[in-house]
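Trainee: Build me a model from this:
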Amino acid sequence: MRQSIKRFFVFLTVFLMTFSTAYAGPVQVANSNPFSDVPDNHWAIQYILDMYNKGIILGSVQGTSRLFKPEEGISKIEVVSLLARVMGSNGNETAVNAAYEKYKSVLDQAKIPSWAAKEVAYAMDRGVVTEDDIKTFIDSKGSQVKLLRHEAAIYIVRAMGLESTAKSLKYPTLSFTDYFSIPDASVPYIKVAVDEGVFNKNGDSRGRFNPLDQIKRAEIAKILSVSYDKINKTSETSPNTTSKDVTIDSVIQSSNVNYLSYKTSDDKTEILNIDSKVTITLDGRTAILSDLKNGMPAKIEVKNNVVTRIEASSPEKKISGTVFSIFYGSDPILTIEDEDGNRVSYHLTGASIKKDGKTATVNDVEPKDTIEAVATGDKILSLEVTSGVRQYEGTMKEVKMVGAKLMLTMDTDDGIKSFEISDDVSIKRNKRSAEWTDLKKGDDLEVTVESELVTVITATSTDRDISGSITEIRISSNPEITITTEDGDMTYALSKGAEIKVDGRTAVDGIYNLRLGYQADASVESDEIVKLIVSSVKEKSLIFGTIKRIDKSSNLISLSVYDETTKKTSDMVILVTVDTKIYDRDGDIVRLRDLDEGDSVTVRVQDEGGILNAIFISVE
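Mentor: Below is the predicted model of the structure:
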């Protein structure tokens, strides 16, 4: 009987051991839990023990007890140290020591405690935290700063090698009820962490993420356990060759080892050892370390934290000038001359080219073309070409000196354009050689422009004759006359050498012999009057009289008008409107209040249903 009972208990013990091994049930947890402050039924027990068994979480020993303090917050330094262990710092002493030597001065400045310095350096070298991050690990009182939940997401995503994924998210969305309390910079990281199953997508019982809460030690245990395989996969592949696009800061050369200091795409400075057999190219040609300069963009290959290849390019620069010559071979070469006469040659292979705003090829580029280009070293990356010889057609607006330059402005189909006129410009007007002073506003122009200078001007005047009444005379350095014809008012400049005759006689005083209301026959070239034959007989719509009374409140003027036909004087009332122009004896525009009773005036009127509206009033 006793032997049967003994065999039964042996069988039961083996059965239970087999069962517990197969199913990892509570019996195993109870027997392997080293932490006295973590009950076997704690929600995170499996994650805590997983990380303990893997040598990541150690806890702290007080007397004979090992404590984990699952419900307490955990510092940034502690979490980064744990991540470093997950990423293999325990078994990679060489890499840890190299990282520590690289970042020692930074760690000292940030006052990182010695017990954590090497693991923090290792995490920095693996891109989990940055120099700016570690400056926040110790507060002004010297205490370690606790990690917040939204910060934990950033560290974990970086450790998993998914930061580029987070940064690529344009409009990440989360369903947490406290979404708007999440810092904007952390949203994409939390999105990736949730998608990877590191954080619960449903949040807490109220659907919150609680981004600004301190993360608890138990929560970190779960996060590390869940992400362990993903982080280790990243860590296993990281020693393989990787490529980076960087900007070179400097090359530090010594007798034993050389270092490359560079800035990453997010403007962070990093320093790596350079392999003694490193391959270096500059602008596609074999180079040496001393050829590498500050500011050069480069693609580097890194293996086991050592730079094995550097493909550098000269910094991009903008150049401009005139095409001096071009070689159209398999490796086309462009020689550019700048404004000082200096000439530099560049390779054009692979360059994007546009000429006069349109896509072009090397064969479209010609000597004397003007160019603006972006180049690196002796290679042009992009080329904007403007034809060296261009033709324009249009109407002349003006020619005038602007400083020391003689400028031509013309109206073309593409809008108003201005060009500097060359000193040796060839000008013809109406098929005859001419000077620039012979050009008239309104001339039809054909212009040749070479290297932004007008070299040929062919002008044709647009001649016409007009007849009408002089209704405005503007006396200035550029006098103008308005003649009212059946087609309306037409204003033209009066040419400096214009022929003027009044009643068949040459006007001795030129424009000063003209009066409003005179009948005129004008010969116009382009937009200038070159000949003016005038009759002093005034049009019937003009009234000549003397002001008797001015009613400024109603804008009415009473005139005393002498009729030469009847030899009688009569009164006439005219209305001054907002459109009425009033001129004094000098031809300057004045207002109604400037007129006086007794002034002799000439008035052009328009009958509007019995009301005489004044078009203009001129004091004689």
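
Trainee: Confirm Val198 sits in a strand?
Mentor: No. Assessed with DSSP: H, G, I helix; E, B strand; the rest coil, Val198 is coil; it does not lie in a strand.

Trainee: where do the helices sit along the protein?
Mentor: Under the criterion DSSP state H, helices of the chain are mapped to 2-23, 26-32, 45-53, 76-86, 93-109, 114-125, 131-134, 149-159, 163-168, 187-195, 217-237.

Trainee: for the ones you listed, which one sits closest to Pro70?
Mentor: Nearest of these to Pro70, taken as CB to CB: helix 217-237 at 3.7 Å. Every residue, glycine included, has its C-beta placed from N, CA and C.

Trainee: Determine the set of other helices and strands touching that closest one.
Mentor: If contacts are counted by 3 or more CB pairs under 8 Å, 6 or more residues apart in numbering; DSSP states H and E, helix 217-237 sits against helix 45-53, helix 76-86, helix 149-159.

Trainee: Can you check the pLDDT for the residue nearest to Asn363 when sequence neighbours are not counted?
Mentor: Nearest residue to Asn363 in three dimensions, chain neighbours excluded: Tyr328, at 6.3 Å (CB to CB, 6 or more residues apart in numbering). On the pLDDT scale, Tyr328 is placed at 88.

Trainee: May I ask you to confirm that Tyr328 is in contact with Asp364?
Mentor: No. Look at Tyr328 against Asp364 with CB atoms under 8 Å: they stay out of range, at 10.6 Å.

Trainee: between the two, which one's more packed in?
Mentor: The residue with more neighbours, out of Tyr328 and Asp364, is Asp364; 15 against 12, by other CB atoms under 10 Å.

Trainee: That one reaches Ile353, doesn't it?
Mentor: Yes. Contact criterion CB under 8 Å: Asp364 and Ile353 qualify, at 7.2 Å.

Trainee: Mutual contacts of these two, please.
Mentor: Both Asp364 and Ile353 are in contact with Val385, where contact means CB atoms under 8 Å, 6 or more residues apart in numbering.

Trainee: For Thr18, report the pLDDT, please.
Mentor: Value listed for Thr18 in the pLDDT field: 34.

Trainee: closest to Asp571 out of the helices of the chain?
Mentor: Here helix 187-195 is closest among the helices of the chain (CB to CB), at 87.0 Å.

Trainee: quick one on the thing from earlier: now mean neighbour count and distance to Val425 too, for the helices and strands packed on helix 217-237, in TSV please.
Mentor: Formatted as TSV, the helices and strands packed on helix 217-237 follow (neighbours: other CB atoms under 10 Å; distance: least, CB to CB, whole Å):
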stretch	mean neighbour count	distance to Val425
helix 45-53	19	86
helix 76-86	24	74
helix 149-159	24	67
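
Trainee: Could you take these and lay them out as JSON lines, with extra columns for mean pLDDT and distance to Leu559?
Mentor: Below are these laid out as JSON lines (pLDDT from 0 to 100; distance: least, CB to CB, whole Å):
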{"stretch": "helix 45-53", "mean pLDDT": "92", "distance to Leu559": "108"}
{"stretch": "helix 76-86", "mean pLDDT": "95", "distance to Leu559": "96"}
{"stretch": "helix 149-159", "mean pLDDT": "95", "distance to Leu559": "88"}
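
Trainee: Next, format those as a markdown table and append distance to Ile470.
Mentor: Formatted as a markdown table, the helices and strands packed on helix 217-237 follow (distance: least, CB to CB, whole Å):
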| stretch | distance to Ile470 |
| --- | --- |
| helix 45-53 | 102 |
| helix 76-86 | 90 |
| helix 149-159 | 83 |
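
Trainee: The ones you listed: which one's closest to Thr376?
Mentor: It is, among the helices and strands packed on helix 217-237 and with distance given as CB to CB, helix 149-159, at 32.3 Å.

Trainee: now what about that closest one, what contacts it?
Mentor: By CB under 8 Å, 6+ apart, helix 149-159 touches 76, 79-80, 83, 86-87, 123, 126-129, 147, 163, 165-166, 182-183, 186, 189-190, 192-193, 198-199, 209-215, 219-220, 223, 227, 231, 234.

Trainee: Mind giving me the PyMOL command for buried ones among the residues you listed?
Mentor: To isolate the buried members of these in PyMOL, using 16 or more other CB atoms under 10 Å:
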select buried, resi 76+79+80+83+86+87+123+126+127+128+129+147+163+165+166+182+186+189+190+192+193+198+199+209+210+211+214+215+219+220+223+227+231+234
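
Trainee: Need the residues that contact stretch 565-583.
Mentor: 472, 516, 543, 545, 548, 555-563, 589-592, 594-595, 603, 605, 611-619.

Trainee: Pretty sure Thr264 sits against Asp249.
Mentor: No. Taking contacts as CB under 8 Å, Thr264 lies outside contact range of Asp249: 10.8 Å.

Trainee: out of these two, which sits in the busier spot?
Mentor: Each of Thr264 and Asp249 has its neighbours counted (other CB under 10 Å); Asp249 has more, 17 against 14.

Trainee: quick one: the more buried one and Tyr259 touch, right?
Mentor: No. Using CB under 8 Å, Asp249 makes no contact with Tyr259, being 10.3 Å away.

Trainee: So which of the contacts of stretch 565-583 belong to strands?
Mentor: Among the contacts of stretch 565-583, DSSP state E puts 472, 543, 545, 548, 556-563, 589-590, 603, 605, 611-619 in strands.

Trainee: ok, of those, which come out buried?
Mentor: If we count by 16+ other CB under 10 Å, these have these buried: 472, 543, 545, 557-559, 603, 605, 612-619.

Trainee: And the strands in the stretch 451-600 of the chain?
Mentor: In the stretch 451-600 of the chain, the segments counted as strands under DSSP state E, counting those that start in this stretch are 453-460, 463-474, 480-485, 488-502, 505-506, 518-525, 528-538, 542-551, 556-563, 568-583, 589-590, 600-608.

Trainee: Which one of those strands lies nearest to Thr386?
Mentor: Among the strands of the stretch 451-600 of the chain, the nearest to Thr386 by CB to CB is strand 453-460 (12.7 Å).

Trainee: Determine the set of other helices and strands touching the closest one.
Mentor: If contacts are counted by 3+ CB pairs under 8 Å, 6+ apart, strand 453-460 sits against strand 415-429, strand 444-450.

Trainee: try 10 Å
Mentor: Under the contact criterion of 3 or more CB pairs under 10 Å, 6 or more residues apart in numbering; DSSP states H and E, strand 453-460 touches strand 389-402, strand 405-412, strand 415-429, strand 444-450.

Trainee: Can you name every helix or strand that the third one contacts?
Mentor: Helices and strands touching strand 415-429, by 3+ CB pairs under 10 Å, 6+ apart, are strand 389-402, strand 405-412, strand 444-450, strand 453-460.

Trainee: How far does it sit from its chain's centre?
Mentor: Relative to its chain's centre, strand 415-429 lies at 35 Å (CA atoms, centre = their mean, to the nearest Å).

Trainee: Ok, the shortest one next?
Mentor: Here the centre of mass of C-alpha atoms in strand 444-450, compared against the chain's by CA atoms, centre = their mean, lies 36 Å away.

Trainee: That strand to strand 415-429, inter-axis angle?
Mentor: Per axes from the mean of the first three to the mean of the last three CA atoms, to 10 degrees, the angle that strand 444-450 makes with strand 415-429 is 100 degrees.
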